[in-house]
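Chemist: Below are the sequence and a predicted model for it; my questions follow.
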Amino acid sequence: MRVAVRGDAEPDEVWDRFTTPARWPSWAPHIRAVTCADARVVTGTRGHVHGPMGLRLPFVVDAVDHPGRTWTWTVGRAIRVTMVHGVEPADGGSRAWARLPALLGVPYLPLLRWALARLVRGAN
């Protein structure tokens with residue numbers, strides 16, 4: 001399943017927000033903090049996302065295409081989920097999108113749309 005949201009932020013700015021783990025909590029309300037050695041995601045980046053109620057999930061970045069503005073990561077322990085993210089230019093701003101397994105997408109969809117909308121918002 002693919003979810004896309006358009007906003008007025010410039011594609012380069014959205015890409016920076018998407019690929020800088022320290023910035024994830026500023027637009028993803030379900031991420032409280034990120035522990036990661038890399039300032040910007042690259043293939044092989046590993047770390048943990050920290051969520052509400054002490055939730056802490058490991059992640060690994062599987063692939064990054066900085067010129068094409070796409071990246072893929074896998075999150076979780078016993079249940080692992082792989083998601084692909086991207087940014088593309090759109091009229092007067094950008095479009096951020098995520099592709100994820102349909103079974104995860106249904107319950108996660110409202111939160112994902114909200115996070116992507118915050119990601120593409122002009123001032124963040």
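Modeler: Structure's in. What do you need? Note that the coordinates shown come from a computational prediction; the quantities given were computed from them, not determined experimentally.
Chemist: gap between the residue most central in space within the chain and Asp12?
Modeler: What sits nearest the mean C-alpha location of the chain, by C-alpha atoms, centre = their mean, is Phe18, with 5.4 Å. To Asp12, Phe18 is 11 Å away according to C-beta to C-beta, to the nearest Å. All C-beta atoms are positioned from the backbone trio N, CA, C, and that covers glycine.
Chemist: Around His85, how many other residues sit close by?
Modeler: His85: 21 surrounding residues under other C-beta atoms under 10 Å.
Chemist: Buried residues, whatever helix or strand it lives in. List them.
Modeler: Assigned by DSSP states H and E, His85 belongs to strand 80-90. Residues of strand 80-90 classed as buried by neighbour count (16 or more other C-beta atoms under 10 Å): Met83, His85, Gly86, Val87, Glu88, Ala90.
Chemist: same thing with stretch 106-120?
Modeler: For stretch 106-120, a neighbour-count test (16+ other C-beta under 10 Å) marks Tyr108, Leu112, Ala115, Leu116, Arg118, Leu119, Val120 as buried.
Chemist: of these, the lowest pLDDT goes to which?
Modeler: Lowest pLDDT within these is found at Tyr108 (82).
Chemist: State the distance from the closest residue to it other than its chain neighbours to Trp73.
Modeler: Spatial nearest neighbour of Tyr108, excluding adjacent residues (C-beta to C-beta, 6 or more residues apart in numbering): Leu100 at 7.2 Å. According to C-beta to C-beta, Leu100 and Trp73 sit 11 Å apart.
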